[in-house]
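Asker: Build me a model:
(one chain, ligands or ions: 1)
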Amino acid sequence: MSERSLLSPSNPPRPADISGSVRHDWTVAEVGALFALPFADLMFHAQRIHRAHFDPCEIQLSTLLSIKTGGCPEDCAYCPQSAKYATGVKAEKLMALDTVLAEARAAKDGGASRFCMGAAWREPKARDMEKVCAMIEGVKALGLETCVTLGMLTASQTARLKAAGLDYYNHNLDTSPEFYGDIITTRTYQERLDTLEHVRQAGIAVCCGGIVGMGEGRNDRAGMIVALANLPKHPESVPINLLVRVAGTPLADEADLDPFEFIRTIAVSRIVMPESMVRLSAGREDMSEAIQALCFLAGANSIFCGPRLLTTPNPARDRDMALLEKLGFTPMA
Ligand code: SF4
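Answerer: This is a model prediction of the structure:
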């Protein structure tokens, strides 16, 4: 897909806002101006703003467990768990409570402070909700923060999850509103925004980000960041994923995204959402240590630990710990 123009008569050039203020009225042109900064300036401002809000040497460690794998009726073009694509991922039933709690204990022993549980559903059914709520209660009792991603939710479902003690709900916007239809056709952008609104209304913290390297242009990367930042409140966690190309999915043969463009996406996210945790998420398995270190310098301060991210590979914990030690970083308490 060709790069879409960031600037048009209705989208005039503006100076980049590098004040680091919390705003909810960003335009694509303004965010595009940040993307266009010379690399050294962009990294300097991202690092300056990062240091104003966080210890730059601390990284938050989360663990993500797939509690219900495969067989999803949605058609997200990047996802090996969609039933629409022949990816070799087998549909499984919801994991047993004991198994989930054993995984959570192991994650805690490995230094994780947050335990995220993902289910490949369009939306949870009533009987599933009760089982997931028991998991949330059990994981919380271990002293871990809890996060789940279950698909679309109603207001009553978010209230039930809140009552179970859920801390975070993950629901990504994935990409810009303009590019979204190229990636997903089975649910609308507005449905995603509605679920995020229900999560906020219930008093649950929001984990919401997107994926880059799916063939979108820089304008779409800027548009995704604008959509995230212009939510009524910035998401507490912003996962920025690099597409993991999986055979059998429509994006299996997508071209590489330039690593510097990925680092720029992290840096711009940090500047525009200065108080959010920016998570360097999928795609780390194939990323060099140097690129990951630049992402941390650009303001990423959270990673997923553990050998798998749902169904795709992720660096083993030992590798991550060695990298953190090499950089003089410590896990966030
Ligand atoms: S990303 Fe989620 S909703 Fe989309 S196909 Fe995969 S499991 Fe289903």
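Asker: next one: stretch 181-198 to chain centre, how far?
Answerer: Relative to its chain's centre, stretch 181-198 lies at 15 Å (C-alpha atoms, centre = their mean, to the nearest Å).
Asker: Could you shift the numbering so residue one becomes 24, and keep it that way?
Answerer: Yep, numbering from 24; the last one is stretch 204-221 now.
Asker: tell me how far the ends of it are from each other?
Answerer: Stretch 204-221 has an end-to-end distance of 23 Å (C-alpha to C-alpha, to the nearest Å).
Asker: Tell me how many other residues crowd the closest residue to Ala109 other than its chain neighbours.
Answerer: Using C-beta to C-beta, 6 or more residues apart in numbering and skipping residues adjacent in sequence, the residue nearest Ala109 is Gly271, 4.8 Å away. From N, CA and C alone the C-beta is placed, and that goes for glycine too. Close neighbours of Gly271, defined as other C-beta atoms under 10 Å, add up to 13.
Asker: again with the one 3 residues further on
Answerer: Residue neighbour count, defined by other C-beta under 10 Å, stands at 20 for Leu274.
Asker: repeat for the one 5 residues further on
Answerer: Here the neighbour count serves as a burial measure; for Asp279 (other C-beta under 10 Å) it reads 12.
Asker: Same question for Leu216.
Answerer: So Leu216, with other C-beta under 10 Å, has 16 neighbours.
Asker: Over to His76?
Answerer: For His76, the count of nearby residues is 15 (other C-beta under 10 Å).
Asker: list the contacts for it?
Answerer: 297-298 (C-beta atoms under 8 Å, 6 or more residues apart in numbering).
Asker: Flag every residue of the stretch 124-273 of the chain that's near the ligand.
Answerer: Contact residues, the stretch 124-273 of the chain versus the ligand (C-beta under 6 Å from any ligand atom): 143, 174.
Asker: Any stretches of this protein with poor pLDDT?
Answerer: 24-37, 330 (pLDDT under 70).
Asker: quick one: contacts for the residue positioned nearest the centre of it?
Answerer: Closest residue to the average C-alpha location of the chain: Pro262 at 2.3 Å, with C-alpha atoms, centre = their mean. Going by C-beta under 8 Å, 6+ apart, Pro262 touches 193, 195, 230-233, 302, 304, 325.
Asker: from those, which would you call buried?
Answerer: The neighbour count (16 or more other C-beta atoms under 10 Å) marks 193, 195, 230-233, 302, 304, 325 as buried among these.
Asker: Pipe the residues you listed into CSV and attach distance to Asp121 and secondary structure per row.
Answerer: Shown next, in CSV, are the buried ones among the contacts of Pro262 (distance: C-beta to C-beta, whole Å; DSSP: H, G, I helix; E, B strand; the rest coil):
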residue, distance to Asp121, secondary structure
Asn193, 24, strand
Asn195, 29, coil
Cys230, 26, strand
Cys231, 31, coil
Gly232, 31, coil
Gly233, 34, strand
Arg302, 28, strand
Ser304, 28, coil
Ser325, 28, strand
